[in-house]
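**Student:** Sharing a model prediction with you, sequence too.
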Amino acid sequence: MSNPWYLYLVRTASGSLYTGITTDVDRRFAEHQAGAPKGARSLRGKGPLTLAFQAPAGDRSLASKLECQVKRWPKARKEALIRGEFSLTDGS
């Protein structure tokens with residue numbers, strides 16, 4: 001079986017939240033912190049970055065769907081997720 005996928009949120013120095021998916025959160029976060037060439041372009045120069053949230057998201061297909069959902073959420077809902085006020089399995 002392949003590695004499980006994770007949904008994660010990264011907070012920038014200005015407080016913005018970036019949503020992504022990966023099979024290795026630590027490696028991916030390190031790539032974002034390092035900047036080019038593998039880190040997300042939208043995060044470059046926005047540090048220091050902090051890993052605000054991570055949770056298992058099933059296989060790649062489920063993780064991609066979840067990422068699309070969360071990216072559409074208002075920031076307040078993402079902050080509530082980070083605070084643990086609800087889980088990703090509580091519905092969309």
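**Tutor:** The structure has been received and is ready for your questions. Numbering: from 1, shown residues only.
**Student:** Any idea how far apart the tips of stretch 65-78 sit?
**Tutor:** Start-to-end span of stretch 65-78 (Cα to Cα, to the nearest Å) is 16 Å.
**Student:** Also stretch 51-71?
**Tutor:** 16 Å.
**Student:** Give me the mean pLDDT for it.
**Tutor:** Mean per-residue pLDDT for stretch 51-71: 96.
**Student:** Pull out the buried positions in that stretch.
**Tutor:** Using 16 or more other Cβ atoms under 10 Å as the test for burial, stretch 51-71 gives 52-54, 57, 63, 66-67, 70. All C-beta atoms are positioned from the backbone trio N, CA, C, and that covers glycine.
**Student:** ditto for stretch 4-24
**Tutor:** 5-12, 17-22.
**Student:** Tell me the gap between that stretch and the middle of its chain.
**Tutor:** Relative to the centre of its chain, stretch 4-24 is centred 2 Å away, using Cα atoms, centre = their mean, to the nearest Å.
**Student:** which residues touch that stretch?
**Tutor:** 2-3, 25, 28-29, 32, 40, 42-43, 46-60, 62-64, 66-67, 70-71, 75, 78-79, 81-82, 88 (Cβ atoms under 8 Å, 6 or more residues apart in numbering).
**Student:** now for the lengthiest helix in the chain, which elements pack on it?
**Tutor:** Ranked by residue count and defined by DSSP state H, the top helix of the chain is helix 60-72. Helices and strands touching helix 60-72, by 3 or more Cβ pairs under 8 Å, 6 or more residues apart in numbering; DSSP states H and E, are strand 6-11, strand 17-22.
**Student:** Understood, closing this out.
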